[in-house]
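S.K.: Provide a 3D model corresponding to the input given below.
(2 chains)
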Amino acid sequence: MPLPDPQLTPALEERAARVSLFRKLLKNPVGLIALIFLGLLVLSAIFAPLLAPSDPNTASLQEVLAPPGGEHPLGADSAGRDVLSRLLFATRFSLAGALLALAVAAVIGVVSGLIAGYFGKWFDSVSSWFAGLLMALPGIVVLLAARAVLGPSMWLSMAIFGVLLSPAFFRLVYASVSAVRNELYVDAARVAGLSDARIIARHILTVVRAPVIIQAAMITGIAIAIQAGLDFLGLGDTTVPSWGSMLNDAFAKIYTNPDLMIWPASAIALTCIALTLLANVMRDELERTAGPVKRRRNRNRDTEAPIVKAAHLSTVGMATISEEERRLALEQPAASEPREIVHPVVVHPDPEDGGRSSTGNPFGEELLSVRNLAVGYDQPDGSIKVVVNDVSLRVRRGEVHGLIGESGSGKTQTAWSVLRLLPDGGRVIDGSISFEGKDLAHATENEMTKLRGAKIAYIPQEPMSNLDASFTIGSQLVEPMRVVLGLGKAEATKRALGLLERVGIPNPQRTFDAYPHEVSGGMAQRVLIAGAISCDPDLLIADEPTTALDVTVQAEVLSLLRELQAELNMGVILVTHNFGVVADLCDRVSVMRAGRIVETGPVRSIFAAPEHEYTKALFAAILEEGEARGELVTAQTEKEGLR
Amino acid sequence: MLRFILRRLASGVVLIVVISTIAFGLLYVGGGDIARRILGQTATAETVAQKTEQLGLNRPLYEQFVDWVSHAVIGDFGTSWFTGQEVIQAISSRVAVTLSLVIGATLISAIVAVLLGVWAARQRGWPDRLVQVISVLGFAIPGFLIALGLVIVFAINLGWFKPTGFVQFATSPSGWLSSITLPVIALAIGGIAGVTQQIRGSVIDALRQDYVRTLRSRGLSANRVIYKHVLRNAGGPALAVLAVQFVGLLGGAVIVEQVFAIPGLGQVAVTATNQGDIPLVMGLVVVTAIIVVVVNLVIDILQGFLNPKVRLS
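M.R.: Below you'll find the model as predicted:
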């Protein structure tokens, strides 16, 4: 039984409940049709005695199985009773029975849910256990057992079924109430001296109202279905016409008069569908109300990485930008507005010998050349939101190219597009990505799969969420090596243990056998680094590899990265927001803002003479306000030394 | 893991005991004058008293209960009041039929739901909407109506299957398969609807996880990541839904068996209910509870297999 999404936060539900759900339903075509159908059904149930052409229970031998027409608009059944009249009265009894079950379930479920959720303690565990008990047996088996001793009363059966269904309400109300019980506004009400009863009525009932209404529609459908089922089995009260008993009667004549089944069957099916659709539409409407806020929260999560004082930056670096654009840039930093004034990219020239890596050797051949890359996301309205625009950069073998900028400047999007692993809806909309002579922007998925891991590897930002919690660390290292390098299991295991040792994990075998939740963040990041280099890639893309780590661990991971880079002579794209990291590791740096590169060149040259306003602002931010971060940078540089 | 299983097993046993106790109380107290009901209104007070004594109903309730329990624990649920057949025999000869229906429907639901759910989650767009519509209809329309529709279309109009009757597997495996095809489909549709929604949602969630990108960055294909890693992570919630569905399917089987005239537990249940055959009803309740507990235990073990955190706790 699908319960409404318990993750809808109570405050949202409360707001949604206040903006009349009913009015929203009328605006939704599906909701409107379902409501109209159910409305007509209720009316025909109420006015059944007026509408029915004859008594539903009057049998007539002459009229047995009479065809539709004349006195019997829908024909007569196997006992000569008028089908239309029976259908109208059956609607009456079927709906009444379902409503009885609903009322019993709602009263028991909501009341016990409120008490258990609000007062907690022993009532909580007892009633939860009881709810589990009620759901352990199929409802129909319990109803059959009850019928065996209590006789064929529809009302009794439906009341018992209501008790069986009450956990659906109980769980819903219990979950919502225990979620708000400790909310600040409920505490405030308690401190203000409101009685428990008033708090429940005022603050808690409003929270559960909408989900309870949705659940009620579902439950009514289920009750109608089970009641029809009981009557169809011939276990119902024969004196009361119902959809199920009509179906039972028609089923006996399935070979001769299958048409008789049409009316009761469609009545049951359409009513159940209408109720389910109604519940779905209500839930969708509620979620839509909650939607934008939810999305906002997700975006915040994406951009929560500490940045070099964005607010400060925006006042300095964007001093010349209009208020409107600044708001946009702050709120959706990734969005690059087409009307934005495009400043030319400041390019610092390479040294005459082409530059040398940290080991003093000249750089190798060109690995990656990105030209005029644009990345966009398809929007529901058909437009494309551009998040990276006109980005060009190149990486040679042995070279570390830093991509720096504040959160949402498009640096991670650029990195992901090189891997062609952009999130849903994202794609390269312009430009080329040339890797060892192959255009990745237009490569097929199969070609990309062959390159990933083997040629281009990736180290993510957040270590814990990037390991699959359901598999051991070892199996996550071994699997790609077996696929990419075609190694046997034993060989891949040996190699994985060697890699774990190489990245400085003290007890490789233990980590190999561990699940991700059993290791620390620093260890997990080392594991991810081991995974990235496991297939000897030429190009490594590291997306803020130290941001999520403790300060002391950051320095260790950075020096590990530098060692591995030199040892394997890889080209590296290092995404970061930290100039300390750039100074420490990079040969070349590109500064990104709002989806564009604003300044690019050798690290020494840019550090010596930053030209773009934004680059200067980034430096200024470190010097002026970046106390903690500044110290970290110094500590690191002192410890490792600038080579 | 062993402790986890033992704890689940213990709570299952408690559940069975509680259900039996409640059922016994309600059935034997709620029935009023049981002997009178069996013999009918015309019976003399003397024969009623005789019958009451014969059935042991004149003893105090706790004595009857202790008697019932002491036999039930060794699998003896007494004899039917109407046929004189041993309850355990009446049930055990039918339980295989019902279980083959329900387990077949559960497996088919699981497989189809995985395929549909993954398809909808990956493609989005119209396949997603199509799957949503199917799910809503499958959930909303009662299983026995679907069964009736299948009978009319595939058995009566098209003549592909026999509309009713059941062939024992031992008699003819192909006949058996043909005789349970429609009932299993009728049952499975509801299950598919519920589980597909869950799989779809879990897969969409799982696809957004960071580890999916990282695994793919290591050179694993999208299919491999989805069917090995994403499904394993989506499996926990889906299994929980499957457990709930199983209980629902067990109930649905009672009615579907009636449509197809299949001699399973449902038929026994309906007959016993109509006659007020209390020992048989009691046996059915307990056997159903045992089936549900066992299935939940199996699902719990599978959960532990899927999710290391469950296993370790």
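S.K.: what's the longest helix in chain B?
M.R.: Using DSSP state H, we find that the single longest helix of chain B is helix B:87-123.
S.K.: centre of the chain versus that one, how much separation?
M.R.: Relative to the chain's own centre, helix B:87-123 is displaced by 8 Å; criterion: Cα atoms, centre = their mean, to the nearest Å.
S.K.: just checking, what packs against whichever helix or strand comes after that helix?
M.R.: Note on helix B:87-123: by DSSP states H and E, the next helix or strand toward the C-terminus is helix B:125-140. Here helix B:125-140 touches helix A:262-302, helix B:87-123, helix B:173-207, going by 3 or more Cβ pairs under 8 Å, 6 or more residues apart in numbering or on different chains; DSSP states H and E. Bear in mind the C-beta positions are built from the backbone N, C-alpha and C, glycine included.
S.K.: need the winner for burial among these.
M.R.: Among these, helix B:173-207 has the highest mean neighbour count (mean count of other Cβ atoms under 10 Å in any protein chain shown), at a mean of 22.
S.K.: name the helices or strands packed onto that one?
M.R.: Applying 3+ Cβ pairs under 8 Å, 6+ apart, one finds that helix B:173-207 makes contact with helix B:87-123, helix B:125-140, helix B:143-150, helix B:231-260.
S.K.: for A:S195, which of those helices is the nearest?
M.R.: helix B:231-260 (38.1 Å; Cβ to Cβ).
S.K.: not counting its neighbours along the chain, what's nearest A:L477?
M.R.: Take A:L477 and drop its neighbours on the chain: the residue closest to it by Cβ to Cβ, 6 or more residues apart in numbering or on different chains is A:A496, 4.1 Å away.
S.K.: right, and that neighbour touches A:F512 too?
M.R.: Yes. Counting by Cβ atoms under 8 Å, A:A496 does reach A:F512; the two are 6.4 Å apart.
S.K.: okay, the two: which has more neighbours?
M.R.: A:A496 (27 against 20; other Cβ atoms under 10 Å in any protein chain shown).
S.K.: columns distance to B:V73 and mean pLDDT on top of the helices and strands packed on helix B:173-207, output as CSV?
M.R.: Shown next, in CSV, are these (distance: least, Cβ to Cβ, whole Å; pLDDT from 0 to 100):
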stretch, distance to B:V73, mean pLDDT
helix B:87-123, 12, 89
helix B:125-140, 39, 86
helix B:143-150, 34, 86
helix B:231-260, 23, 85
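S.K.: let's have the ones you listed in JSON lines, adding distance to A:I573.
M.R.: What follows is the helices and strands packed on helix B:173-207, written out as JSON lines (distance: least, Cβ to Cβ, whole Å):
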{"stretch": "helix B:87-123", "distance to A:I573": "29"}
{"stretch": "helix B:125-140", "distance to A:I573": "33"}
{"stretch": "helix B:143-150", "distance to A:I573": "56"}
{"stretch": "helix B:231-260", "distance to A:I573": "29"}
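S.K.: which stretches of chain A have low pLDDT?
M.R.: Applying pLDDT under 70 to chain A picks out residues A:1-21, A:59-61, A:63-66, A:69-73, A:78-80, A:120-124, A:128, A:288-343, A:352-361, A:622-643.
S.K.: returning to that earlier point: could you dump the helices and strands packed on helix B:125-140 to TSV with distance to A:L422?
M.R.: Listed next are the helices and strands packed on helix B:125-140 as TSV, based on distance: least, Cβ to Cβ, whole Å:
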stretch	distance to A:L422
helix A:262-302	13
helix B:87-123	15
helix B:173-207	13
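S.K.: mind checking how far A:A514 is from chain B?
M.R.: Distance, A:A514 to chain B, by Cβ to the nearest Cβ, to the nearest Å: 10 Å.
S.K.: my guess is that residue contacts A:I473, does it?
M.R.: Yes. If you go by Cβ under 8 Å, A:A514 and A:I473 touch, sitting 5.5 Å apart.
S.K.: among the two, which residue is more densely surrounded?
M.R.: Neighbour comparison, A:A514 and A:I473: the larger count goes to A:I473, with 27 against 17 (by other Cβ under 10 Å).
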